[in-house]
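> this is a predicted model, with the sequence first.
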Amino acid sequence: MPFPQIDPVAFHLGPLAVHWYGLAYVAGILGWWQYSLLLTKKFPLVDKKMIDDFLVWAIVGVILGGRLGYVFFYNPGKYLANPLEIFEVWKGGMAFHGGLLGVIVATAIYTYRRRIYFLNFSDLACCGVPIGLFFGRLANFINGELYGRITDSPWGMIFPNGGPLPRYPSQLYEAFLEGIMLFLLLAYGAFYTRWPQCRGLLTGIFLAGYGVGRIIAECYREADAFIGYFQGGLTMGQLLSFPVLICGVFLIVRALLRKENA
């Protein structure tokens, strides 16, 4: 299949170039915000003012954590040798796992200061995260980055920077698994089940669901050239996702056991 040639720059505002990647962040944050406000009807212990107040914390956690995560997880040698390049975010380089840690820290500080139980808040907050993941993966596809491994499947694409052979459009796989499927699962749980009453259950489902989706998608995604593959053909993305999956399973089991003993 031909790769759609989409200009990474969505439009210009005078001399300022607005990229699709930046718009994806804006769409993800605004989408999370509005969806979280809607979910407060299902989570009586979290109100709209809490969501509004937390928005800035979430933005700082995502951006700061995502950047530092990329620096230390994926290319620490380069940035330790040239530390000023850490601030050159316009050149790319963000990591979801770092952003996740950043948001966890921001949530912990916010809930502690406001005397809110962490898992009560995170159960609601995590439900809208797949919105940002979906738009982020679409932006990766538009940029022709983070493409898949070489394939002879009929839907393989020749990416501009991926060499002459067709590759899996792994960005779209991730958009589906981490974005659409995870969003629908959490939405079903939030609106049609009693999962919100099991403290930590939705948080656990999000973490486990993301971990499984990312591990599967990485089987089709080309490893970063400057890192390569680890023992057993594992990628950095998979290695970082296993702890996320384990934490998710722990929270799910914990929530279900507490429900049985209630």
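All right, it came through fine.

> quick check: which helices or strands does the helix or strand harbouring F183 pack against?
Using DSSP states H and E, the element containing F183 is helix 182-192. Using 3 or more Cβ pairs under 8 Å, 6 or more residues apart in numbering; DSSP states H and E, the elements in contact with helix 182-192 are helix 129-143, helix 201-217. C-beta here means a position set from N, CA and C on the backbone, and glycine is covered the same way.

> let's have those in JSON lines, adding mean neighbour count, distance to F96 and mean pLDDT.
Shown next, in JSON lines, are those (neighbours: other Cβ atoms under 10 Å; distance: least, Cβ to Cβ, whole Å; pLDDT from 0 to 100):
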{"stretch": "helix 129-143", "mean neighbour count": "23", "distance to F96": "7", "mean pLDDT": "95"}
{"stretch": "helix 201-217", "mean neighbour count": "23", "distance to F96": "8", "mean pLDDT": "98"}
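
> circling back to that earlier point, how far off centre is the helix holding F183?
Averaged C-alpha coordinates place helix 182-192 at 17 Å from its chain's average position (Cα atoms, centre = their mean, to the nearest Å).

> low-confidence bits of the stretch 51-200 of the chain, can you list those?
89-92 (pLDDT under 70).

> remind me what the host helix or strand of V56 packs against, helices and strands.
Using DSSP H and E, V56 maps to helix 48-74. Helices and strands touching helix 48-74, by 3+ Cβ pairs under 8 Å, 6+ apart, are helix 20-39, helix 96-114, helix 118-125, helix 236-261.

> now it against helix 236-261, angle please.
Relative orientation of helix 48-74 versus helix 236-261 (axes from the mean of the first three to the mean of the last three Cα atoms, to 10 degrees): 140 degrees.

> beyond helix 48-74, next helix or strand please.
Immediately after helix 48-74, counting by DSSP H and E, sits helix 76-81.

> list the buried residues of the helix holding F183.
182-183, 185-186, 189-190 (16 or more other Cβ atoms under 10 Å).

> H12 in helix, strand or coil?
Recorded secondary structure, H12: strand (DSSP: H, G, I helix; E, B strand; the rest coil).

> wait, what's in contact with it?
Remark: with contacts taken as Cβ atoms under 8 Å, 6 or more residues apart in numbering, H12 is in contact with V18.

> pLDDT value on it, please?
Per-residue pLDDT puts H12 at 88.

> hey, what's it bridged with?
When assigned by DSSP bridges, H12 has beta-bridge partners A17.

> and it, how far from G136?
Between H12 and G136 the distance is 22 Å, computed by Cβ to Cβ, to the nearest Å.

> equivalent analysis for G228, please.
24 Å.

> same thing with L119?
Taken as Cβ to Cβ, the span from L119 to G136 is 25 Å.

> fine, thanks again, bye for now.
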